[in-house]
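Enquirer: Have a look at this prediction, sequence included:
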Amino acid sequence: MNLTNKTILVVGLARTGVACARFLAKAGARVTVTDMKNADQLAGQMAELAGLPITWELGRHEETSFLTSDLVVVSPGIPMEHPLLLKAKEAGREIVSEVELASRFCTVPLIAITGTNGKTTTTTLIGEIFKGCGYLPFVGGNIGTPLIELAESGEQVDFVVAEISSFQLEWITSFRPSVAILLNITEDHLDRYREMPAYMAAKGRIFENQTKDDFALINIDDPLAAGFAGSLKARLFPMSQKQELAQGIFHQNGVITFRHDGEEERFPTENFRLKGAHNTENIMAALAATLLSGCDATRAQAAVTSFSGLRHRMELVRTLNGVAWYEDSKGTNVGSVVKSLESFPGNITLIAGGKDKGGSYTPLAPLVKERVAHLILIGEARERMHAALGSFTDSHFAPTLEEAVSQAHRLTTPGGVVLFSPACSSFDMFVDYEDRANRFISAVQGLEGDPR
């Protein structure tokens, strides 16, 4: 793809926007960056691009730029229904996401992972297995490092492993993974999508450009994910914890079995540090993707055995007065919180709430009724969460996360668990989920003695 002297508009100056603008400007394109924030608000991002020939349209969007650019590169935070994007599309302008742009410069096999929950764990574990098997992977995408940074660096790698969100899939045209993984689909991002079918369709686009030479790895235990199995051009490679498979990967009686083209590999799970049914799904996906890509089974098992999981996902912060405090700031949707609550038999104090995504909280009701002794709600979503769940247990509001921690300290009896699993995004009160996690950890670490 020749970028020299191409007129390119980058919409949005978050991390992917910065990375795209830098790559495109260095490649010789005539780059304009537009963002509704002003220069003062974007001073840090602009400093990262200092010295590059970039035109700035800040505090506004100019319609002319959308209608006259050769290419429009859209950051994930910009919805497809933005009026100027619709006008640009009508005018025949090419519109792409950052992952689409990056994929055009990718010359090695691409492993792409999507799903409502488990993406980051699976993506990270795939990277660790590749490294354990002697390969050099680039691990990025929605997990942190934009894919375009690999194209910019020119680094030589063996595989690209990319966590891909539904937002990133909205503007693809040729993005083609050699292995595409769909872990699960549960209700999420209904503040962005008007209804579930639109969210599901965005997820399903990960398979859109695959061919018979590629693999589509689908969790067939998940009915919404399994619905894509009948419309694939790639080779279906199913995974299941409910049934034995003649071809695919499955888990029964503490053993994960991989079967492909007459070969079989078995992986006992008893020594794996990642526990829980949801993590077994993540491990199966990671093993299947890497074995299909040529990894050695023995070295792959060693990599899985040594992997202890991610920060901010069901992380034990401390135990105080017989109460275990768990931080699960990456639990940003209802399906994720269901898995977290299922990890404990009861006597849970659940701290939840944040920026409302528009979905239903009622799937949490049975577990709240059965296992949650105290519910403490924070953030923008607290009233709606209380309406859905407050009648099932002892419920409280807290104006800040720190006050929620103090309340939990007073309410939770020895032998209990305090679980901070928000079921919401963080952007109403915090910079991101890591900032939220660190605030919780700091408040918990500052607790002293028995408050009662």
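Expert: Good, I have the coordinates.
Enquirer: Run through the chain and note the low-pLDDT ranges.
Expert: Low-confidence segments of the chain, defined by pLDDT under 70: 452.
Enquirer: buried stuff in the one helix or strand Ala285 maps to?
Expert: Applying DSSP states H and E as the criterion places Ala285 in helix 277-292. Residues 278-292 are the ones in helix 277-292 that count as buried (16 or more other CB atoms under 10 Å). Using the backbone N, CA and C atoms, a C-beta is placed for each residue, glycine as well.
Enquirer: Contact partners for Gln445?
Expert: Contacts for Gln445 (CB atoms under 8 Å, 6 or more residues apart in numbering) come out as 317-318.
Enquirer: Next one: it relative to Leu49, how far apart?
Expert: 37 Å (CB to CB, to the nearest Å).
Enquirer: same thing with Pro83?
Expert: For Pro83, the distance to Leu49 - CB to CB - is 27 Å.
Enquirer: the more surrounded of these two?
Expert: A side-by-side neighbour count of Pro83 and Leu49, using other CB atoms under 10 Å, places Leu49 first with 20 against 10.
Enquirer: Relative to Leu13, how far out is the more buried one?
Expert: 9 Å.
Enquirer: again with Glu315
Expert: From Glu315 across to Leu13, the span is 31 Å (CB to CB).
Enquirer: quick one, which of these two is more surrounded?
Expert: Taking other CB under 10 Å, Glu315 and Leu13 do not tie; Leu13 has more neighbours (25 against 18).
Enquirer: How about the contacts made by Ser75?
Expert: Residues near Ser75 by CB under 8 Å, 6+ apart: 10-14, 16-17, 20, 98.
Enquirer: Which ones among the residues you listed map onto helices?
Expert: Counting by DSSP state H, the contacts of Ser75 place 16-17, 20, 98 in helices.
Enquirer: All the helices of the stretch 351-452 of the chain, residue numbers only.
Expert: Secondary structure of the stretch 351-452 of the chain (DSSP state H, counting those that start in this stretch): helices at 365-371, 382-389, 401-411, 433-445.
Enquirer: Now render those as a markdown table, adding distance to Ile206.
Expert: Shown next, in a markdown table, are those (distance: least, CB to CB, whole Å):
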| stretch | distance to Ile206 |
| --- | --- |
| helix 365-371 | 30 |
| helix 382-389 | 31 |
| helix 401-411 | 34 |
| helix 433-445 | 23 |
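Enquirer: can you pull out the helices in the stretch 101-250 of the chain?
Expert: 119-132, 148-153, 166-169, 196-204, 223-226.
Enquirer: and of these, who's closest to Pro79?
Expert: With distances scored as CB to CB, the stretch of the helices of the stretch 101-250 of the chain nearest to Pro79 is helix 166-169 (8.4 Å).
Enquirer: And for that closest one, what's in contact with it?
Expert: For helix 166-169, contacts defined as CB under 8 Å, 6+ apart pick out 76-77, 97-99, 114, 141-142, 175, 189, 192-193, 199, 202-203, 205-206.
Enquirer: and these, which are buried?
Expert: The neighbour-count test (16+ other CB under 10 Å) marks 76, 97-99, 114, 141-142, 175, 189, 192-193, 199, 202-203, 205-206 as buried among the contacts of helix 166-169.
Enquirer: Surely Lys369 touches Phe392?
Expert: Yes. Lys369 is in contact with Phe392 according to CB atoms under 8 Å; the separation is 4.1 Å.
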